[in-house]
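>>> Below is the sequence, then the predicted model.
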Amino acid sequence: MIEIVKYLVNALVKDKENASVEVNENLILITVAKEDMGSVIGRNGRVAKAIRTIARGILPSGGVRYTIDILNQEERAELEKNGGLSSYKGGSKNFNGSEESGEE
């Protein structure tokens, strides 16, 4: 599944060197250059929702549910400064469409 998400992201961005897709437990973190954020998110989040829908469609039913978050390089640097990916709880929509605030 991660390969398909990487393929989709690379097809959407201009700055492919600054694009990355990482998986940590049940979080898929997409990092792109600031100028590519609009391409990956899309108008009203349509592209991001399409990426989530495709990812949900290729997962086996009853499998692990993933959250997909999209960050720009500056946000990613801040994340690394504050403890890295292992401390990140996410903050976007889960595959089922419910909001996840990342707060407990």
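Cool, got the structure.
>>> And the helices in this protein?
2-12, 37-41, 46-58, 73-81 (DSSP state H).
>>> right, and those helices - which one's nearest residue 22?
The closest of the helices of the chain to residue 22 is helix 2-12. By Cβ to Cβ, the value is 8.5 Å. Any C-beta I mention is one placed from the backbone N, CA and C, and that applies to glycine too.
>>> same for that closest one, what does it pack against?
Under the contact criterion of 3 or more Cβ pairs under 8 Å, 6 or more residues apart in numbering; DSSP states H and E, helix 2-12 touches strand 20-24, strand 27-32, helix 37-41, helix 46-58.
>>> Report the mean per-residue pLDDT for it.
In this model, helix 2-12 has a mean pLDDT of 92.
>>> Show me how far it is from its chain's centre.
Helix 2-12 sits 11 Å away from the centroid of its parent chain (Cα atoms, centre = their mean, to the nearest Å).
>>> Now tell me what touches it from outside.
16, 19, 21, 23, 28, 30, 32, 36, 39-40, 47, 51, 54-55, 58, 68 (Cβ atoms under 8 Å, 6 or more residues apart in numbering).
>>> Low-confidence stretches in this protein?
Scanning the chain for pLDDT under 70 picks out 60-62, 85-104.
>>> State the number of residues packed around residue 21.
Residues near residue 21, counting by other Cβ atoms under 10 Å, number 20.
>>> May I ask you to confirm that it is in contact with residue 28?
Yes. Counting by Cβ atoms under 8 Å, residue 21 touches residue 28, with 6.6 Å between them.
>>> quick revisit: pick the most deeply packed of the helices of the chain.
helix 37-41 (a mean of 17; mean count of other Cβ atoms under 10 Å).
>>> contact partners of that helix?
For helix 37-41, the external contacting residues (Cβ under 8 Å, 6+ apart) are 9, 12-14, 30, 32, 47-48, 51, 70, 72.
>>> For these, give me JSON lines that also has distance to residue 84.
Below are these laid out as JSON lines (distance: Cβ to Cβ, whole Å):
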{"residue": "9", "distance to residue 84": "21"}
{"residue": "12", "distance to residue 84": "25"}
{"residue": "13", "distance to residue 84": "23"}
{"residue": "14", "distance to residue 84": "27"}
{"residue": "30", "distance to residue 84": "16"}
{"residue": "32", "distance to residue 84": "18"}
{"residue": "47", "distance to residue 84": "27"}
{"residue": "48", "distance to residue 84": "23"}
{"residue": "51", "distance to residue 84": "23"}
{"residue": "70", "distance to residue 84": "18"}
{"residue": "72", "distance to residue 84": "17"}
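>>> If anything else comes up later, I'll come back, but that's it for now.
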